[in-house]
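Need a 3D model of the following:
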Amino acid sequence: MTNKLAILGGKPISVKKLVKPSPIGKPEINAVMRVLNKGILSKAGRGENVKTFEREFAQFHNLKYAITTTSGTTALHTAICALNIKKGDEILVPDLTFVSSASVFLQQQATPIFVDIDTTTFCIDTADMEKKITEKTKAIIVVHLYGHPVEINTIIKIAKKHNLKIIEDCAQSHGAKYKGQYVGTFGDIACFSFYQTKNLTCGEGGMVLTNNEKLFKSCSSIVDHGLIDGNLQGYDYDRLGYNYHMTEIQAAIGIEQLKKLKRMNKQRANNANKYKKILKDTGLIFQDDNKNIDHVYYALTALLPEKFKNKRDWFVDAARTEGVEINKIYPKPLHEAKLFSSFGKKNQCPNASNITTRLFNFYTNPGVTDNYIKLTCEAVKKVLNYLNDKK
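Here you go, the predicted model:
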């Protein structure tokens, strides 16, 4: 095998591009067919799958209430509306996360205040977080990033001290645990995404979790146009609401996915450990794992050595040209995004700025084969060797 990189005209590691397997199997297909054959596609049309999915998702987390939505983003928006986040309020948001963790606050004319990240977990830095609390701060959004639970006990102490609400963003952490307890069960309210790539998928969809009856009733109204007491026949509304309904088809898929979530998460962890074992002597730095958490590896996240921080984009392109799949999930901190340019300058986050120049991700999807992992690691090593030789 030649050592010349494919991006420079050499032979790729894998001539046929590696394809990630589908997370959907016969149980999901059969569940969808039952919905289609029955012909009831919505909860409002007397469907039962949405109700069942909500009930079983709440029971899985040992919480009282769950409300389905159309996406993780609308779940977040529902949650902040229920918490009465409004114009002028400040919300603490980690600088490394998906855009909607911050952009939903703009919908309420609130201000996201970006908080730096921990250099080992890549999650929110609690020391920087407390420094940025002001009299305008109303809530903290906690993102369990890439399936890695946040040091939530410290955040709870800080939130109580300053009388702040906690919103858990669990979009990438279905089934993850902190000290034996599921994420999504620590804060005032939690939000999940069921997008195509998530640990539990419906293609699209979201869920809000809470143990607070008042918040549950508010969320139920918000997702249903502001309807009073869920009375569909009353056609009366007492607040601004939205059409954030999940369909019966999505819920049917979600029910089946929930049944195998623990097994799928175990496979993700196994896949992540295989990557780490093969690449342990390459100089790559992986997202920290520790005894307090059960990491569910939405992705295995790695950092290039500091000396290659300006080479990350080229590195990813070169590896992909070898016929394998790696990705860069959030290649810049949020404070650098154009959307937040009006107030990003006062929210500098040096750790996030550095780490996002070096960060890339391996796919850990259930069904990824040992050969897939082996070839991916070969391609990554090949590109790293080239970079080291160039140095």
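
what residues are up against the one residue sitting closest to the centre of the chain?
Centroid-nearest residue in the chain, with CA atoms, centre = their mean: Gln172, separated by 2.8 Å. Residues in contact with Gln172 (CB atoms under 8 Å, 6 or more residues apart in numbering) are Val143, His144, Leu145, Tyr146, Gly147, Ser193, Lys198, Asn199, Tyr298, Ala299. In this view, the C-beta of every residue, glycine as well, is placed from N, C-alpha and C.

Please list the residues outside the longest helix seen in the chain that contact it.
Criterion DSSP state H: the longest helix present in the chain is helix 370-390. For helix 370-390, the external contacting residues (CB under 8 Å, 6+ apart) are 3, 5, 12-14, 18, 271, 274-275, 278-279, 282-284, 308, 311, 315, 318-319, 322-326, 362-363.

same deal with stretch 267-276?
Outside stretch 267-276, the residues that reach it (CB under 8 Å, 6+ apart) are 147, 199, 286, 295-298, 300, 362, 364-368, 370, 373, 376-377.

one step back: on the three-state scheme, the residue nearest to the centre of the chain is what?
Using DSSP: H, G, I helix; E, B strand; the rest coil, the structure places Gln172 in coil.

Which pLDDT value does the model give it?
Here, the pLDDT recorded for Gln172 equals 98.

any idea how far Thr364 is from it?
Relative to Thr364, Gln172 is positioned 11 Å away (CB to CB, to the nearest Å).

Next: Lys157.
Using CB to CB, Lys157 is found at 32 Å from Thr364.

neighbour count winner among those two?
Thr364 (27 against 12; other CB atoms under 10 Å).

from what I can see that one touches Thr301, true?
No: with contact defined as CB atoms under 8 Å, Thr364 does not count as touching Thr301 (10.0 Å).

Just the pLDDT at Val15, thanks.
pLDDT at Val15 comes out at 80.

Over to Asn347?
68.

next one: Met1
Met1 is assigned a pLDDT of 44 by the prediction.

now the longest strand seen in the chain: mean pLDDT?
Determined from DSSP state E, the single longest strand within the chain is strand 137-143. The average pLDDT for strand 137-143 rounds to 98.

distance between the following helix or strand past that strand and the chain's centre?
Next helix or strand after strand 137-143 toward the C-terminus (DSSP states H and E): helix 152-162. Averaged C-alpha coordinates place helix 152-162 at 22 Å from its chain's average position (CA atoms, centre = their mean, to the nearest Å).

hang on, the earlier thing: would you mind listing which of the contacts of stretch 267-276 are buried?
Listed as buried from the contacts of stretch 267-276 are 147, 199, 286, 295-298, 300, 362, 364-366, 368, 373, 376-377; burial here means 16 or more other CB atoms under 10 Å.

Would you mind listing the two of these that lie farthest apart?
Asn199 and Cys377 (22.4 Å; CB to CB).

Now the phi/psi pair for the residue nearest to the centre of the chain, please.
Here is the backbone geometry of Gln172 (degrees, to the nearest 10): phi -120, psi 20.

let's have the chain start at 611 instead
Sure, I'll start numbering at 611, so the last one becomes Gln782.

From Cys733, how far out is it?
As for Gln782, its distance to Cys733 is 11 Å (criterion: CB to CB).

any low-confidence regions in the stretch 611-760 of the chain?
611-612, 655 (pLDDT under 70).

quick one, helices of it?
Assigned by DSSP state H, counting those that start in this stretch, the helices in the stretch 611-760 of the chain fall at 636-648, 659-670, 682-692, 710-717, 736-741.
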